[in-house]
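**Q** When you get a sec, could you give me coordinates for this:
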Amino acid sequence: MKPTIHQTIIEVAQKYPNKIALYYKKGGSYVGITYKELRRQIFNFSSTLLGLGVERGDRVAILSSNRPEWVVSDLSIMNIGAVVVPVHVTLSPKLIQHILNDSGSRILIINNQLQLNKVLLIEKEVPSLKKIIYMDIDNPDVPISKPLLFWEDCIKIGKKQGLTPKYEPHHNDIATIVYTSGTTDNPKGVMLSHYNILSNVRAAIDYIPIFNKDIFLSFLPLSHILERTTGYYAPLSRGCSIAYAENIKTLPQNFKEIRPTILISVPRIFEKLFDAIWERVKKGNKHTREFFVWALKQDSRGWKHWISDIIIFRKIRRSMGGRLRLTFSGGATLNPKLAKFYDRIGIKIYEGYGLTETSPVVSVNREGKKRLGSVGQPLMGVDVKITPDKEILVRGPNIMKGYFQKEGATNQALDEYGWFHTGDQGFIDSEGFLFVIGRSKDMLCLSTGKNVWPEVVENALNGDRYIAQSMIIGNKRPYLTAVVIPRIIELKDYVKEKHITYDDLDELLEKPEIIQLYRERIDRATQDFAINEKIVRFVLIKNEFQQKKDELTPTLKLRREVIFHKYEKEIEKMYQKS
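**A** Take a look at the predicted model:
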């Protein structure tokens with residue numbers, strides 16, 4: 001019989017009982033949980049769930065940030081044949097309600113008061129929900145109609161009860177229902193079996209070797225399948241260690257504390273780290289700044305680069321722990337300029353491609369098989385083909401079972417030959433490297449008849465030192481416009497250098513000289529683009545797009561409809577001007 005996810009990890013726990021499986025921050029320092037202790041907690045919490053009446057096929061939701069309890073909950077739910085429904089902590093109460101109702105989740109596991117406050121707003125609208133298990137909340141005595149159970153009490157009760165599951169999960173059983181990011185419509189539940197995910201884990205490990213001495217630093221949400229498959233199941237199935245970052249802001253400190261060897265990330269995080277590096281460089285004296293710029297221009301095969309590496313690049317790598325062996329980027333397109341920068345300072349980023357429906361990895365670059373701008377070659381056992389209209393189709397053991405309770409959507413996505421229609425467009429070169437152009441539904445069809453891929457233009461803009469984020473508009477319009485978020489630190493340096501006075505940021509972004517600066521930067525960034533890909537009008541917005549405002553997905557992709565409606569007045573003004 002083919003193994004299941006929890007069986008695989010439990011077997012590893014038996015092989016490496018005293019090895020640290022998970023690190024987490026407690027009292028200002030990292031402490032570890034051994035594989036033996038992880039296994040013990042899985043069995044105890046499994047007993048708790050059985051005592052609460054959870055049966056085979058029942059859905060149990062997890063609404064929590066990354067922490068050991070997430071892993072214990074996940075593997076315990078699977079151990080008794082139930083189905084895990086991860087919920088992103090950044091979602092609004094409305095979307096949380098949709099996921100809980102759509103999945104019919106019976107139990108919800110939450111981590112803190114913030115999530116409980118969201119649940120309080122919607123719990124009466126979720127009839128299937130019977131109990132809530134909490135980890136750390138300030139006030140459990142809240143007006144709520146569902147029973148609240150403390151995590152630690154559940155572990156103790158489970159240990160005392162000693163219940164064991166009567167049903168032995170099968171590898172073809174649904175392990176989890178993962179809801180898509182929902183950049184346009186309401187999220188759909190993607191049903192993934194144990195075999196779907198494990199086939200992807202094994203293919204990825206065969207492609208990119210990892211060893212039990214490796215340590216991962218985890219900060220992408222476990223509720224997203226990218227982190228779950230590649231940053232959780234893959235390392236634990238090999239006896240590696242995983243350390244949980246406290247949050248995005250503490251990443252620099254956590255890098256130094258953990259000194260990871262492998263990192264799974266998304267382009268936006270690499271952009272943030274890039275900004276932090278340049279900020280440190282700019283704080284140095286003039287000679288330091290000039291030397292850094294000079295160093296970046298040197299041929300990586302020459303002695304000048306070797307000198308640069310000794311003097312400056314090694315220091316940057318040490319700030320990220322100094323042991324990074326493999327670094328991967330997924331979830332969105334990585335700006336080629338960013339990839340070149342990291343490569344030059346000695347940090348190789350291997351870009352990959354996948355979707356929730358593909359468990360998720362379809363293709364990835366690797367050592368000796370890397371092509372800048374591509375998302376690599378398909379994993380072994382994963383077939384990829386391109387249709388005449390350039391849509392990317394994928395087939396293999398990693399393809400989902402379907403969308404939960406959505407037969408029509410499933411039939412639309414999966415054809416009779418087992419091909420999953422990704423909705424992405426791209427091409428494959430002569431050496432088998434896959435290139436992704438963009439999402440079909442995101443393509444802008446100008447009223448002139450020309451088509452534009454917004455992500456390509458946005459990547460060009462976001463590569464400019466004065467631009468943090470951007471979103472392109474132009475569907476059924478005569479020309480392109482853009483909502484542009486300035487890189488505030490760089491802009492303030494420019495303003496100081498030019499002796500421009502202002503009272504607040506709103507006033508600054510409306511000054512003619514600032515508008516002219518961004519006009520020039522935008523024109524320079526798009527100078528090699530076709531005429532229909534040029535930005536005719538733009539508006540400067542001071543606030544970054546954020547997850548908590550539903551403007552970004554958990555993998556930090558743009559929720560275009562949300563942003564469009566939020567800035568609809570500003571956008572319409574750009575098309576009213578002569």
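**Q** Residue 470 sits in which helix or strand?
**A** Using DSSP states H and E, residue 470 sits in strand 467-473.
**Q** Mind giving me the packing neighbours of that strand?
**A** Using 3 or more Cβ pairs under 8 Å, 6 or more residues apart in numbering; DSSP states H and E, the elements in contact with strand 467-473 are helix 454-462, strand 480-486, helix 512-525, helix 560-566. Yep, even glycine has a C-beta here, placed from its N, CA and C like the rest.
**Q** same thing but at 6 Å, please
**A** Identification of packing neighbours for strand 467-473 by 3 or more Cβ pairs under 6 Å, 6 or more residues apart in numbering; DSSP states H and E yields helix 454-462, strand 480-486.
**Q** How about the secondary structure of the residue nearest to residue 320 when sequence neighbours are not counted?
**A** Nearest residue to residue 320 in three dimensions, chain neighbours excluded: residue 255, at 4.7 Å (Cβ to Cβ, 6 or more residues apart in numbering). Per DSSP: H, G, I helix; E, B strand; the rest coil, the secondary structure class of residue 255 is helix.
**Q** number of nearby residues for residue 255?
**A** 21 (other Cβ atoms under 10 Å).
**Q** show me where pLDDT drops low in the stretch 51-200 of the chain?
**A** The stretch 51-200 of the chain contains residues with pLDDT under 70 at 182-185.
**Q** and the gap between the residue nearest to residue 320 and residue 377?
**A** With distances taken as Cβ to Cβ, to the nearest Å, residue 255 is found 30 Å from residue 377.
**Q** Kindly report the same for residue 349.
**A** 16 Å.
**Q** got the CA coordinates for stretch 363-381 in CSV?
**A** Extracted C-alpha coordinates of stretch 363-381, given in CSV (Å, rounded to 0.1, in the frame of the first residue of the first chain):
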residue,chain,number,x,y,z
SER,A,363,8.5,22.8,-12.8
VAL,A,364,11.6,24.3,-11.2
ASN,A,365,15.1,25.4,-12.1
ARG,A,366,18.0,23.6,-10.5
GLU,A,367,21.8,23.5,-10.4
GLY,A,368,23.1,22.9,-13.9
LYS,A,369,19.6,23.2,-15.4
LYS,A,370,18.8,26.9,-15.0
ARG,A,371,17.5,29.4,-17.5
LEU,A,372,17.0,33.0,-16.5
GLY,A,373,13.5,34.2,-17.0
SER,A,374,12.1,30.6,-17.1
VAL,A,375,10.4,28.6,-14.4
GLY,A,376,12.6,25.5,-15.1
GLN,A,377,11.9,22.1,-16.5
PRO,A,378,8.9,19.9,-15.4
LEU,A,379,9.4,17.5,-12.6
MET,A,380,9.7,13.8,-13.4
GLY,A,381,6.3,12.3,-14.0
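**Q** Show the average pLDDT along that stretch.
**A** Mean pLDDT, computed over stretch 363-381, is 93.
**Q** what's the spacing between that stretch and its chain's center?
**A** From the chain centre to the centre of stretch 363-381 is a distance of 19 Å (Cα atoms, centre = their mean, to the nearest Å).
**Q** same question, stretch 525-538
**A** The answer for stretch 525-538 is 29 Å, by Cα atoms, centre = their mean.
**Q** roughly how far apart are residue 538 and residue 478?
**A** Taking Cβ to Cβ, one finds residue 538 at 15 Å from residue 478.
**Q** cool, and residue 293?
**A** Residue 293 is 40 Å from residue 478, where distance means Cβ to Cβ.
**Q** Help me confirm that residue 179 comes into contact with residue 189.
**A** Yes. Judged on Cβ atoms under 6 Å, residue 179 makes contact with residue 189 at a distance of 5.4 Å.
**Q** which neighbours do the two share?
**A** Counting by Cβ atoms under 6 Å, 6 or more residues apart in numbering, residue 179 and residue 189 have no shared contacts at all.
**Q** quick one: strands adjacent to the helix or strand harbouring residue 435?
**A** Take DSSP H and E as the rule and residue 435 turns out to sit in strand 434-439. Paired neighbours of strand 434-439 in the sheet (DSSP bridges): strand 420-428 (antiparallel).
**Q** Can you pull out the residues in contact with the partner strand?
**A** For strand 420-428, contacts defined as Cβ under 6 Å, 6+ apart pick out 355, 357, 386, 390-394, 399, 413-414, 434-437, 439-440.
**Q** so what's the backbone phi/psi at residue 29?
**A** phi -130, psi 160 (degrees, to the nearest 10).
**Q** Give me the pLDDT value at it.
**A** 95.
**Q** and it, what are its bridge partners?
**A** Beta-bridge partners recorded for residue 29 (DSSP bridges): residue 26.
**Q** again with the one 5 residues further on
**A** On DSSP bridges, the residues paired with residue 34 through beta bridges are residue 20.
**Q** and it, how many neighbours?
**A** Residue 34 has 16 neighbouring residues, counting by other Cβ under 10 Å.
**Q** go on, residue 543?
**A** Applying other Cβ under 10 Å, we find 11 residues neighbouring residue 543.
**Q** same deal with residue 428?
**A** That count, for residue 428 with other Cβ under 10 Å as the rule, works out to 17.
**Q** Can you name the residues bridging to it?
**A** residue 434.
**Q** so how far is residue 385 from it?
**A** 8 Å.
**Q** Next: residue 20.
**A** In terms of Cβ to Cβ, residue 20 sits 43 Å off from residue 385.
**Q** neighbour count winner among the two?
**A** Taking other Cβ under 10 Å, residue 20 and residue 385 do not tie; residue 20 has more neighbours (19 against 12).
**Q** What does the pLDDT read for that one?
**A** Per-residue pLDDT puts residue 20 at 98.
**Q** My guess is residue 396 contacts residue 378. True?
**A** No. When contacts are counted by Cβ under 6 Å, residue 396 is not listed as touching residue 378 (8.3 Å).
**Q** thinking again about what came up before, from the contacts of strand 420-428, list just the buried residues.
**A** Those of those that meet the buried threshold are 355, 357, 391-394, 399, 413-414, 434-437, 439-440, by 16 or more other Cβ atoms under 10 Å.
**Q** Next, give me the two most distant ones among those.
**A** Every pair in these was compared (Cβ to Cβ); the two farthest apart turn out to be 414 and 435, at 23.8 Å.
**Q** Quick one: residues in contact with stretch 556-570.
**A** Counting by Cβ under 6 Å, 6+ apart, 183-184, 266, 268, 332, 471, 483, 539, 550-551 sit against stretch 556-570.
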